[in-house]
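Q: I would like the atomic coordinates for the input below:
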Amino acid sequence: MAIILACSPAGDRRPATGEQRVTVDDAGDPLPPPARRTRIVSLVPATTEILFALGAGDRVVGRTHWDGWPPEVVNVPDLGDGIRPSIETVLRARPDLVVLYASGDNRDAARALRAAGVDVISLRIDSIAEFERAALLLGDAVGERQRAQVVVDSVRRTLERVRSATSGRARPTVFMLAWETPLMTIGSGSFLSELVEIAGGRNVFGDLEGPSPQVSFEEVLKRDPQYILGRPETAGNLRAKPRWLGLPAVRNGRVLVMDTVVVGRPGVRLGEAAVSIARLLHPGVVP
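A: Numbers count the residues shown, from 1 in each chain. Model (predicted):
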């Protein structure tokens, strides 16, 4: 299904219906006109991945120190953090387009870069739909709309393959451990919750809004998930912690550790991420 997605100002970034074209970015600012940009600074790791997938990697002249994929991204100059970046450092890269993370902390940076004559796009990608919208928007922004559609369609096909493979199977309940102190989980506002559902599981905190809400340990005990799913640094050593042994999932060794290299970001590897989680929840089901 090839549709054009839109985002609205004031924080509403839901897909638009029909063929309404994007006119503003995720900060509510007007988008620059489509063009073949030749010097792009991407200060959002997920958008850096998208730009490389669009074949524009050789035009990326700046990234954050959090970027790690694709492997050749290490050859791109590291310009620091993606939040409140140094304007002087960014301008030294002589960009004709800067992609920023859409947050209040970056509003001053966006204004300063535009005042210096640089085109800016602010994006925030929390969901699969927002990834698709961002890929198409960036495709327009760098003159690679057709390749962007190919990337979106490829990710969709993989996600549908996983959904089909796990359809009709028992759906184990999953507690996704995002952070231990304070205790935070993954809510319905995150692509990770979507991936668990596609992979044939059920997020026990899928009724909570937002990407990473805070919860109490007592509520986790009450919801009694069949599996715990987390990163190596959060889920890898739960059996060594006495309070976590109060959960049957931990006592019975049903703690699943995600491959964060694949699953960590809502980028072009979303399909691979769904496959990875499905293989944890339903071994042998997804080829």
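
Q: CA only for contacts and neighbour counts going forward, please
A: Fine.

Q: what sits up against the helix ranked longest in the chain?
A: Counting residues, the longest helix found in the chain (DSSP state H) is helix 145-166. Residues from elsewhere that reach helix 145-166 (CA atoms under 8 Å, 6 or more residues apart in numbering): 1-2, 53-55, 132, 135-139, 198-200, 268-272, 274-275, 278, 282, 285-286.

Q: In helices, which of those residues fall?
A: Per DSSP H, these map to helices at 53, 132, 135-139, 198, 270-272, 274-275, 278.

Q: related to what we said a few turns ago, can you name the secondary structure element that comes next after the longest helix of the chain?
A: Remark: after helix 145-166, the chain's next helix or strand is strand 173-179, criterion DSSP states H and E.

Q: Name the SS class of residue 256, please.
A: Applying DSSP: H, G, I helix; E, B strand; the rest coil to residue 256 yields a three-state assignment of strand.

Q: Looks like it contacts residue 227 (just checking).
A: Yes - using CA atoms under 8 Å, residue 256 makes contact with residue 227 at a distance of 7.0 Å.

Q: neighbour count winner among those two?
A: Set side by side, residue 256 and residue 227 show unequal neighbour counts under other CA atoms under 10 Å, the larger going to residue 227 at 25 against 21.

Q: among the contacts of helix 145-166, which ones are buried?
A: Neighbour counting by 16 or more other CA atoms under 10 Å classes 53-54, 132, 135-139, 198-200, 268-272, 274-275, 278, 282, 286 among the contacts of helix 145-166 as buried.

Q: where are the low-confidence patches of the stretch 51-200 of the chain?
A: Along the stretch 51-200 of the chain, no part satisfies pLDDT under 70.

Q: pull the CA atoms of stretch 84-96 into PDB?
A: What follows is stretch 84-96 as a C-alpha-only set of coordinates in PDB (Å, rounded to 0.1, in the frame of the first residue of the first chain):
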ATOM      1  CA  ARG A  84      21.200  21.100  21.800                       C
ATOM      2  CA  PRO A  85      24.000  20.600  19.200                       C
ATOM      3  CA  SER A  86      26.800  23.100  18.800                       C
ATOM      4  CA  ILE A  87      25.600  25.400  16.000                       C
ATOM      5  CA  GLU A  88      29.200  26.400  15.200                       C
ATOM      6  CA  THR A  89      30.300  22.800  14.800                       C
ATOM      7  CA  VAL A  90      27.300  22.000  12.600                       C
ATOM      8  CA  LEU A  91      27.900  25.100  10.400                       C
ATOM      9  CA  ARG A  92      31.600  24.200   9.900                       C
ATOM     10  CA  ALA A  93      30.300  21.100   8.000                       C
ATOM     11  CA  ARG A  94      28.800  23.500   5.500                       C
ATOM     12  CA  PRO A  95      25.400  21.700   5.300                       C
ATOM     13  CA  ASP A  96      22.700  22.500   2.900                       C
END
